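>>> here you go, sequence then predicted model.
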Amino acid sequence: MHFKHPEILYFLFALIVPILVHLFQLRRFKKEYFTNVRFLKALSIQTRKSSKIKKWLLLACRLLVLTFVIIAFAQPFYESKDSKNANNELYIILDNSFSMQAKGKKGELLKRAVQELLEETPENVNFSLLTASENFWNTDIKSIRNSLQNLKYSATPFELDNIMAKLKAHKSAFKKDIVIITDGIGIDKKNLKNIDLDNNIHFIIPKAVLKNNIAIDSVYIHKTVDQFYEIGIQLSTYGDKFDPTPISLYNNKTLIAKTTVTLDSPKKTINFTIPKQAFHGYVSISDKGLSYDNILYFSIMKAKKTNVISIGEAVKNNFLSRIYTAEEFNFISTTLSALDYNKLEEQDAIVLNELDEIPQALITTLKSFVEKGGNLIVIPSASCSISNLNLLATNFGNLKFNALENTEKQITKINFNHPIYNSVFEKKVANFQYPKTKKTFNLSSSYPAALSYEDQSIFLTSTNNPIGKVAVFAAPISIENSNFQQSPLIVPTFYKMAMYNHNNGITALTIGNNNPHITETILNKDAILTVKGVEEQFIPTQQILNNKVKMSFGDYPEQAGNFAVFNKKEWVENISFNYGRTESDLTPATENILSEYKNFESIKSLFNTLQTDRTDNQIWKWFVIFALLFLFTEMAIIRFVK
């Protein structure tokens, strides 16, 4: 037992006063003589004994009354079992990512969590609330009631380690109680490594009842046939036993195609044919799972010809003229001696086709060209020196040409996930007619290979720069050295390398993805581009690159949809934004990962437990009750005991 005011216990020494008064009474007995009657003498003795018992009882009651009163004023209490954390600061981390759209027993997980916070959080409790999109520091439930009721889902995935880093940066002299309300989607052991174990971590994990979900992953141009595009729409399913699902295609708000798809595999591709013209719309499905991934917005610009120039011998450039046809490309073939450097800035892609020597002036121009969003394709010549090739390659990251090998090699491996081949093949090809080379440079690179030899060395790789891409071959591909020109890979390879970042394809950007977007327009020095949608507009970060503008969007826009880019009031292009699909899978294995932390079923049980474990048991009221009890006992003794 502990006392809040132990110094008051010194008043217990005052109990000696009534004891002294009782022992040394100042009142003296006066003798009275009566008739010598025997029974009166006996009565006197009996009365004196009764009086002494009564006085001892009264003394005991008075001492107990005073004792209990003094102890009550000292405020005794029993210390709580978790008293060392009684002064902890409270931090609540609320997951408002799209996976919290899933429905639990009482509705959407996020809405139910918000409702519980509003109903169960004590009004006198101060805390900080952090979400993926908003932070509320040192507040109370009354102050943020409206903000919580209007809390929206965040396009940013729930990243626990990032939020924990914010908490760590928020310095405090007190320990922290950190309450994490999340469904566990996206949490892995790596996220939990950054948790400070000196703080108390509590998890509240609401669970979804229905975990089946269908998501529209991507859309791409599958084929271009005469005056039509055949677009492919890829769906992903999570769970099992899906009913046939309707899928609709809209241009602006006009329905142009609709079908029903049977989902008999985890990945499903549906093809639609649309006219080869500008498109600004979306594709949508309807399912019982999450709603955020049921719509994918995309735009297709009116086809513009892509400017490509190939620098090399005319004979070696012939195969490129058959790939870069006049229907889609403005193709120029030139030798190095006849090259007009002024025309390079006008190009979308430049091919260095087996130059025996690359001048320093051209290297400098190509570096600037790539930095401004142009695509460069390098096909080395067996006669070019390694030092000259590396003088070019070192300008574009970790690329290095090593010794030329006079060994015939077969090209046997395709990286289907590489940007050059992504969405090119309907399915992975295991066996194909392997191209080969007679001579090849040993090319080292930190970038993944798009095509590899049988010994796993690189044949084709490319940089992962967000704007201009540099693709590099490890060997000459002229017919004297290789049969790659006769391979079916030749057309999609060179087509994709030239079209990278060109707006003839589909524009479907992901919110929060920091990859820049290139817009083909000419701006004055002080002009800026504005992105406008139906409900919001913003000015992106932008950089002028000759006849192009590089735009970076950060975390904007806040909502997915179709937008337009304007130069003041002049329309420039259409653009579309979508939410990332990282939250679509509702079946994470987090139960074992979080088992070592404290888990609560609800917010109510959390606050009840914290209050029970950290509230001292005050018992001074019992001492007041005992004091009153003995006071009444004293009064009863005075009244009824003779």
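Cool, the structure landed. Numbering: from 1, shown residues only.

>>> how close does Leu594 get to Ile625?
In this structure, Leu594 lies at 46 Å from Ile625, with Cβ to Cβ, to the nearest Å as the measure. C-betas here are computed from N, CA, C, even on glycine.

>>> more neighbours: the two, which one.
It is Leu594, of Leu594 and Ile625, that has more neighbours when counted by other Cβ atoms under 10 Å, with 17 against 11.

>>> and the more buried one, how far is that from Lys207?
Here Leu594 is placed at a distance of 12 Å from Lys207 (Cβ to Cβ).

>>> Lys258 now?
Relative to Lys207, Lys258 is positioned 35 Å away (Cβ to Cβ).

>>> how much space separates the nearest residue to Leu404 once chain neighbours are set aside from Asn406?
If the residues on either side of it in the chain are set aside, Leu404 comes closest to Phe441, at 5.4 Å by Cβ to Cβ, 6 or more residues apart in numbering. According to Cβ to Cβ, Phe441 stands 11 Å off from Asn406.

>>> next: Lys288.
Lys288 sits at a distance of 63 Å from Asn406 (criterion: Cβ to Cβ).

>>> name the residue in the two with the higher neighbour count.
A side-by-side neighbour count of Lys288 and Asn406, using other Cβ under 10 Å, places Lys288 first with 12 against 8.

>>> hmm, that one is touching Val209, no?
No: contact between Lys288 and Val209 fails when scored by Cβ atoms under 8 Å: they sit 10.6 Å apart.

>>> now the helices for this protein?
In order along the chain, the chain carries the following helices (DSSP state H): 16-23, 38-73, 109-120, 145-149, 160-169, 189-192, 314-323, 360-371, 386-393, 490-499, 603-614, 620-640.

>>> quick one on the thing from earlier: pLDDT value on the residue nearest to Leu404, please?
Model confidence at Phe441, given as pLDDT, is 94.

>>> please apply the same query to Ala475.
At Ala475, the predicted lDDT confidence score is 93.

>>> let me see the contact set for it.
In this structure, Ala475 makes contact with 380, 437, 439-441, 459, 481-482, judged by Cβ atoms under 8 Å, 6 or more residues apart in numbering.

>>> cutoff 6 Å now
Shown in contact with Ala475 (Cβ atoms under 6 Å, 6 or more residues apart in numbering): 437, 440.

>>> again with Val65
Val65 sits in contact with 627, 630-631, where contact means Cβ under 6 Å, 6+ apart.

>>> what does Asn88 give?
With contacts defined as Cβ under 6 Å, 6+ apart, Asn88 is in contact with 175, 177.

>>> quick check: buried residues in stretch 360-368?
Buried positions in stretch 360-368, judged by neighbour count with 16 or more other Cβ atoms under 10 Å: 362-363, 365-367.

>>> how far off centre is stretch 101-112?
Taking the mean C-alpha point of stretch 101-112 and that of its whole chain, the gap between them comes to 19 Å (Cα atoms, centre = their mean, to the nearest Å).

>>> endpoints of that stretch, how far apart?
10 Å (Cα to Cα, to the nearest Å).

>>> pLDDT weak spots in the stretch 251-400 of the chain?
For the stretch 251-400 of the chain, no stretch has pLDDT under 70.

>>> check the stretch 51-200 of the chain too.
51, 77-87, 191, 193-198.

>>> switch the cut-off to 80
Low-confidence regions of the stretch 51-200 of the chain, defined by pLDDT under 80, span residues 51-56, 58-59, 62, 71-72, 74-88, 170-173, 186-200.

>>> turn the contacts of Val65 into CSV, including neighbour count, pLDDT and distance to Glu346.
Below are the contacts of Val65 laid out as CSV (neighbours: other Cβ atoms under 10 Å; pLDDT from 0 to 100; distance: Cβ to Cβ, whole Å):
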residue, neighbour count, pLDDT, distance to Glu346
Ala627, 19, 81, 99
Phe630, 19, 78, 105
Leu631, 16, 83, 104
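
>>> nearest to His202 among those?
Comparing the contacts of Val65 against His202 with Cβ to Cβ picks out Ala627 as the nearest, at 41.5 Å.
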